[in-house]
Every structure is written in C-alpha cells, then in structure tokens.
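Chemist: Predicted model and sequence below, questions to follow.
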Amino acid sequence: MSDAVSVLEKLIVRYPESNILNYTQECKNGDIVVGRDIMLQLDMFIEFFNDPDIQLDFEYSNKIIKFIESECKHSEAPFAGKPFLLELWQKAFIESIFLFKVYNSEIGKWVRKHQEALLEVGKKAGKTPLIASICLACWFCGPKGSKILVSSNDYDQASLMYDAINAMREESPTLERVTRSNVKGMYFGNPKKVRKKGKFSYQNKGNIRKISSRKKANEGRNIIVGAVDEAHELADERPIMPLRQGLSTQDEGLYIETTTEGFVRDGYLDKRNADATKVLEGEIERSDWVIWRYTQDNEAEIWRDEKSWYKSNPNLGVSKKWTYLRKMVEEARTNMETRVNVLSKDFNIPQNSANTAFAPEVYINESTFDIKDLAGCFCLGSADLAITGDLCNSRIMIMRPNDPVKYMITRYFIPESKLGTKDDDLDYDELRKKGLITIGPGNDLDLELVTQWFVETISTYSLRMYKCFYDNALAKFWTKSMSEIFDDTDQEVMERVPQRHEYLSNPFTLLGSDLTSKLINYNNNEIDRACLRNVCIDANKRGLIMPRKPEGNNAKKIDGVATMVMCLYGWQIYKTEFMRYVNMG
C-alpha cells in the first residue's frame with residue numbers, strides 16, 4: 001500500500017462526509033476516470049486536510065450543497081422541473097471552494113482559502129447550471145447586501161447564466177416568495193408579500209445582475225461573487241478585471257470562471273491555462289485559486305479508448321449522451337471541420353496552427369495515372385501565385401465520366417535564385433530533373449511561365465477547362481492574359497477565391513474527406529505529399545477552418561494544398577453544371 005493511499009484512507013475514516021475525499025478515492029481506484037490535471041489538484045486537496053494552518057468548515061460547504069439540491073431545479077429539457085441532484089464531482093468542486101479556511105491576520109478572522117475558481121469542462125457537462133446554482137446559493141446563504149454579477153464576452157452569453165439563475169429562483173416557491181426580478185436584475189423583497197425588515201425584505205439591497213464584457217463603464221462595482229461564462233472567447237483580461245477589482249473590498253469574495261476550450265489563440269484563456277499548469281505543477285503559488293480542468297492527457301487516447309472520454313466529460317452518461325459523443329467522434333475521424341470542433345469543445349484540446357491537418361494514412365496515396373488516359377476530359381484549374389523568392393503552384397483537376405476520383409496534375413515554380421537552397425527538405429535541383437518544378441530566371445518569377453504551363457498542358461491533352469481559380473487579387477496582368485486565352489463568348493474562366501475562413505472551410509473539409517476515401521489522386525507527386533504533410537488547421541471563433549503553415553516555420557510549404565482547396569472550392573460551387581459537362585464526355 002502506497003503512502004498516498006494510506007493517508008487518503010485514514011482521512012476518509014476521519015472525515016467520511018467529505019465529497020473531496022470520496023471523489024479522490026474513486027479516482028485513484030480507477031472507478032472514475034480523470035486526467036492528470038484533476039489528479040494533481042486532488043492531491044493538493046489531500047495535503048490541506050492535515051495542514052494545521054487550514055480549518056475545515058463542513059457546515060458551510062454542506063449548507064451550499066443542501067441549498068442547491070433542495071431549492072434549485074432544472075429548467076430545460078430533458079430535466080425540466082427536476083431537482084438539481086449534484087453528481088459527486090460537482091459536490092467535490094463546491095466543497096473545494098467553501099470547505100477550506102485560512103486565518104487572515106489583516107482582518108483578524110478565518111476566511112475562505114479559495115476565492116478564485118476555474119472550471120474547464122467539455123460542453124453539455126452542466127457547467128452553466130452548476131455555476132448558476134452556486135451564485136444563487138451565495139446570494140441566499142451569504143451576508144445581507146450580497147451582490148452577484150455574471151458576465152461573458154457578449155450579452156447573449158451572459159444571459160444564459162443569468163437566465164439559469166432566474167429560472168431556478170422562479171422554480172422554487174420558497175425563493176420566489178421573497179424575491180422579485182425585472183429587466184435589470186433580481187432583488188430581495190416581494191411586492192405581493194411585503195416584509196418590513198430582515199434579510200428577505202426590501203431593506204436587503206443585494207442583487208444579481210448581468211453584464212457583457214463589451215459594455216463600457218464596468219468599473220465602480222462592489223460585488224461578493226463575480227462569475228464569467230465561456231472565458232475562451234475573451235481576447236485578453238481587460239473585460240474581467242472590473243469584476244475581480246469589484247471583489248477587492250470583500251473579506252470572502254468569489255471569482256468563478258467556467259469555460260470549454262475555444263478557437264481564440266493567445267487570448268485570455270491560453271494565458272490563464274498556462275498559469276494554471278504552473279500552479280498545478282508547483283512552479284508558481286496561487287494559494288487562493290482552485291483549478292478544475294477536465295481535459296484529455298493527449299489526443300491519441302480519444303481515438304483508441306472511449307473510456308478516456310470521461311477525462312473531459314465527467315457528466316458523460318448523465319447530461320451528455322454516449323450515443324451523441326460516439327457519433328461525433330466517428331464523424332470527426334473523416335470530417336476535418338467536425339474534428340476541430342469536437343476536439344476543442346468536447347475534449348478541451350486547443351486547436352491552433354501546430355495541429356497538422358492530416359495523418360499519414362490519410363494523405364499518403366501511391367496511386368498513379370497516365371494523363372494520356374484523361375485526354376479530352378473537362379477540368380478545373382487553380383494557381384497559388386508567388387512572384388518573389390517563394391514557391392508558386394499551378395494545378396489542373398480532371399474528372400471523367402462515371403468516375404468519382406479527382407485526378408490532379410500540377411507544376412511548381414521558383415525563381416532561379418532559390419536554386420541551391422532546401423526548403424522543407426525539398427531539393428529543387430533534383431525536383432527540376434524529375435520534371436516536377438520549373439525554374440524561372442532571376443529573382444522574380446515571371447508568371448508567364450504559369451500561363452505557358454496551362455496552355456501547353458490543356459492543348460497537349462485536349463483538356464477543356466471550365467474555370468480557373470486564383471488567390472492573388474494583385475495578379476491583374478496574369479489573370480488578363482489567362483482570360484484572353486481561355487475565356488469564350490459564353491463564360492469567363494478566371495475567378496478569384498477570397499482567402500478567408502467562410503470561403504475555404506467547406507472545401508478544406510472536403511479535401512480531408514476525399515483524401516480519406518482515396519478520391520483524390522495527385523499522381524504520388526512528392527511535393528504535393530510534402531504540402532499535405534505540412535498543412536495545419538487555422539480555426540476561427542466560429543469553428544470555421546482554413547489551411548495555414550505551421551506557426552513559426554515558413555520553410556514548410558503548403559502551396560499545393562492551397563491549389564487543391566481552390567479546385568475543390570470551384571467544384572463545390574459549380575458542381576451541378578461542371579459534372580453535367582463531365583458526364584457528357
């Protein structure tokens with residue numbers, strides 16, 4: 001028996017009512033699966049039980065729990081009208097805030113040790129109702145004049161938590177009898193059943209209100225609890241500082257943050273999580289901060305062990321359905337846009353430019369074809385243009401009747417000044433000898449070389465180009481020369497593709513699906529393969545994605561992916577008419 005287990009068992013005998021100790025025991029026994037971050041925090045709690053400088057206030061922590069379970073009810077389906085019966089992890093979370101007390105020599109009394117809390121957990125784990133119930137409990141069980149403020153990045157999100165609090169207040173006859181609400185907030189005192197004095201009368205000026213981080217003039221507030229929902233959307237700490245500063249006059253103020261992971265990189269949550277990691281690993285001390293981060297230990301475990309899903313989803317099987325999560329994980333295996341959202345929102349794994357888009361089993365395709373077999377077919381073209389000192393790529397995507405495969409031929413271009421250099425282990429001299437890359441004279445690439453490749457390829461194999469897509473709005477002379485060659489009286493061929501998430505998300509997702517299904521044959525081109533290996537996912541706050549280079553590594557080339565995505569953009573936009581031409585032969 002290890003010393004840690006022995007200490008825990010002795011503590012449970014001494015404090016059998018402790019939710020923290022019982023939860024820790026189940027986690028260490030393996031009955032409940034948690035990640036490394038939760039276990040580190042639980043181990044810290046164990047030390048507090050034997051610390052002579054810390055008092056345990058089970059009476060008050062149990063009072064908060066009892067209030068929630070007896071007075072708070074759910075308001076949304078499928079639990080609407082049912083009592084809020086807390087899970088063990090929720091009870092342990094509440095207890096961790098209200099149980100431990102330390103002596104404050106400045107004010108000469110014992111106060112709560114933890115006055116800040118971070119709860120990071122997968123979506124649909126009931127985090128908003130949980131924090132809402134804690135706010136309501138603090139309002140009723142706290143001192144007279146207690147003011148609660150809930151906030152988020154925008155007013156609608158702040159309203160979710162505020163409305164959850166108000167719904168619980170209205171669902172309880174006991175609470176509704178002594179309170180009132182209007183468009184500005186919730187207040188003590190009921191005009192229908194007036195009390196002349198006491199905590200539940202108009203004399204109690206405590207209230208619960210909501211505010212958006214976007215609203216100006218947040219300063220000057222004096223609150224006892226400040227709660228922030230979906231902290232992942234905050235760009236920096238400026239919106240929440242008024243809440244934290246508003247707690248400065250309180251002996252036992254409470255600042256709570258609740259969130260899932262999001263798509264804002266280098267924002268407030270990333271910095272907060274970096275500090276949280278240092279606290280959990282003992283690098284820095286924040287003695288008043290309790291950190292509950294339900295996160296995966298790594299991404300790989302998600303795909304191979306569904307029991308690990310509990311690490312990010314402690315309410316799995318309760319408020320979150322197994323059938324739903326299994327469905328989403330299965331879809332995420334082949335759908336890139338879904339994967340970004342599932343990893344971020346369901347498993348709290350940050351999605352940033354270090355996340356490569358494709359696994360080798362997805363992008364490696366050794367199938368080849370002879371372009372002569374595709375002579376006379378319809379095609380789409382694309383070009384990722386570069387003029388000075390960088391790689392340029394042109395591409396033709398060919399389809400033939402009754403064949404779902406998209407056949408891609410491509411040519412890369414660099415100026416002569418790049419010879420002798422190696423980007424991403426690409427030897428340009430060797431690639432030229434293999435006919436995969438064209439070298440232009442001087443330091444600036446002459447885009448006429450790109451035009452010549454399109455003309456020669458189209459004419460040699462009698463291909464019929466329906467549309468050609470490009471990314472550079474400044475390439476006016478090139479697009480003009482291409483239009484003069486390929487436009488006909490009925491249709492303009494050249495079309496620019498805006499390089500923004502809302503335009504590229506769907507075709508980038510389709511690229512992942514088609515690569516997985518081996519519906520894209522890029523003729524085993526080694527530069528294409530390098531680009532597919534390198535490309536990373538850039539997700540915006542709406543969860544839309546687009547390709548990008550690995551952060552801080554410009555030598556990694558992704559130009560080939562850019563042209564693939566533009567071809568697929570055109571295929572999705574013009575699919576009906578294009579495929580009609582293809583199938584006509």
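Modeler: Nice, thanks for sending it over.

Chemist: Please name the nearest non-neighbouring residue to V455.
Modeler: Distance criterion Cβ to Cβ, 6 or more residues apart in numbering; nearest residue to V455, sequence neighbours excluded, is I485 at 6.2 Å. Every residue, glycine included, has its C-beta placed from N, CA and C.

Chemist: Now that neighbour: which helix or strand?
Modeler: helix 476-486 (DSSP states H and E).

Chemist: how about that helix: buried residues?
Modeler: W478, T479, S481, M482, F486 (16 or more other Cβ atoms under 10 Å).

Chemist: And for stretch 22-32?
Modeler: Neighbour count says stretch 22-32 has N22, Y23, T24, Q25, E26, C27, K28, I32 buried, by 16+ other Cβ under 10 Å.

Chemist: Please apply the same query to stretch 250-262.
Modeler: For stretch 250-262, a neighbour-count test (16+ other Cβ under 10 Å) marks Q250, E252, G253, L254, Y255, I256, E257, T258, T259, T260, E261, G262 as buried.

Chemist: just stretch 300-309 next, same as before
Modeler: E301, I302, S308, W309.

Chemist: Distance to E331 added to those, as JSON lines?
Modeler: Below are the buried residues of stretch 300-309 laid out as JSON lines (distance: Cβ to Cβ, whole Å):
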{"residue": "E301", "distance to E331": "18"}
{"residue": "I302", "distance to E331": "13"}
{"residue": "S308", "distance to E331": "18"}
{"residue": "W309", "distance to E331": "15"}
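
Chemist: Output those as JSON lines; include the columns distance to L449 and pLDDT.
Modeler: Below are the buried residues of stretch 300-309 laid out as JSON lines (distance: Cβ to Cβ, whole Å; pLDDT from 0 to 100):
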{"residue": "E301", "distance to L449": "48", "pLDDT": "95"}
{"residue": "I302", "distance to L449": "46", "pLDDT": "94"}
{"residue": "S308", "distance to L449": "52", "pLDDT": "97"}
{"residue": "W309", "distance to L449": "52", "pLDDT": "98"}
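
Chemist: just these now: which is nearest E502?
Modeler: I302 (27.8 Å; Cβ to Cβ).

Chemist: what packs against the helix or strand where that closest one lies?
Modeler: I302 belongs to helix 300-304 when assigned by DSSP H and E. Using 3 or more Cβ pairs under 8 Å, 6 or more residues apart in numbering; DSSP states H and E as the contact criterion, no helix or strand is in contact with helix 300-304.

Chemist: so M186 touches V178, yeah?
Modeler: No - when contacts are counted by Cβ atoms under 8 Å, M186 is not listed as touching V178 (11.2 Å).

Chemist: neighbour count winner among the two?
Modeler: For M186 versus V178, neighbours defined as other Cβ atoms under 10 Å are more numerous around M186 (22 against 18).

Chemist: what's across from the more buried one in the sheet?
Modeler: S181, I208 (DSSP bridges).

Chemist: dump the residue contacts of it.
Modeler: Counting by Cβ atoms under 8 Å, 6 or more residues apart in numbering, M186 makes contact with W139, I165, N166, R169, T179, R180, N207, I208, R209.

Chemist: just the buried members of those residues?
Modeler: Listed as buried from the contacts of M186 are W139, I165, N166, R169, T179, N207, I208, R209; burial here means 16+ other Cβ under 10 Å.

Chemist: Of the buried residues of stretch 300-309, just say which sits nearest to R400.
Modeler: I302 (38.6 Å).

Chemist: Would you check that that closest one makes contact with Q296?
Modeler: Yes - assessed by Cβ under 8 Å, I302 is found in contact with Q296 at 6.1 Å.

Chemist: got any residues that touch both of the two?
Modeler: S308, F347, I349.

Chemist: And these, which is closest to L436?
Modeler: I349 (35.9 Å).

Chemist: Relative to W89, how far out is that closest one?
Modeler: I349 sits 20 Å away from W89, going by Cβ to Cβ, to the nearest Å.

Chemist: How about N104?
Modeler: For N104, the distance to W89 - Cβ to Cβ - is 29 Å.

Chemist: Neighbour count: those two, which is higher?
Modeler: Between N104 and W89, W89 has the larger neighbour count (other Cβ under 10 Å), namely 23 against 14.

Chemist: Now the more buried one. Its backbone dihedrals?
Modeler: Phi and psi for W89, reported as degrees, to the nearest 10, are phi -60, psi -30.

Chemist: Could you do M579 as well?
Modeler: phi -70, psi -30.

Chemist: Wait, it touches M399, no?
Modeler: Yes - between M579 and M399 there is a contact under Cβ under 8 Å: 7.5 Å.

Chemist: Looking at the two, which is more packed in?
Modeler: Comparing M579 with M399 by neighbour count (other Cβ under 10 Å), the higher total belongs to M399, at 22 against 14.

Chemist: nearest spatial neighbour of that one, skipping sequence neighbours?
Modeler: V582 (4.8 Å).

Chemist: Tell me how far the one you found lies from K144.
Modeler: Taking Cβ to Cβ, one finds V582 at 76 Å from K144.

Chemist: quick one: pLDDT of D423?
Modeler: What the model reports for D423 is a pLDDT of 66.

Chemist: ugh, wrong one, M564
Modeler: 98.

Chemist: Contacts only, for the spatially closest residue to it that is not a sequence neighbour.
Modeler: Sequence neighbours aside, L511 is the residue nearest to M564 in space, at 5.7 Å (criterion: Cβ to Cβ, 6+ apart). Contacts for L511 were tallied using Cβ under 8 Å, 6+ apart; they are M336, I520, V561, M564, V565, L568.

Chemist: Could you tell me how many residues sit around the first one?
Modeler: Going back to what we said before, that points to M336. Residues near M336, counting by other Cβ under 10 Å, number 24.

Chemist: Please report how far the closest residue in space to it that isn't next to it in sequence lies from N525.
Modeler: Spatial nearest neighbour of M336, excluding adjacent residues (Cβ to Cβ, 6+ apart): G512 at 3.8 Å. From G512 across to N525, the span is 18 Å (Cβ to Cβ).

Chemist: wait, isn't K467 in contact with G381?
Modeler: Yes - between K467 and G381 a contact is recorded at 7.2 Å, counting by Cβ under 8 Å.
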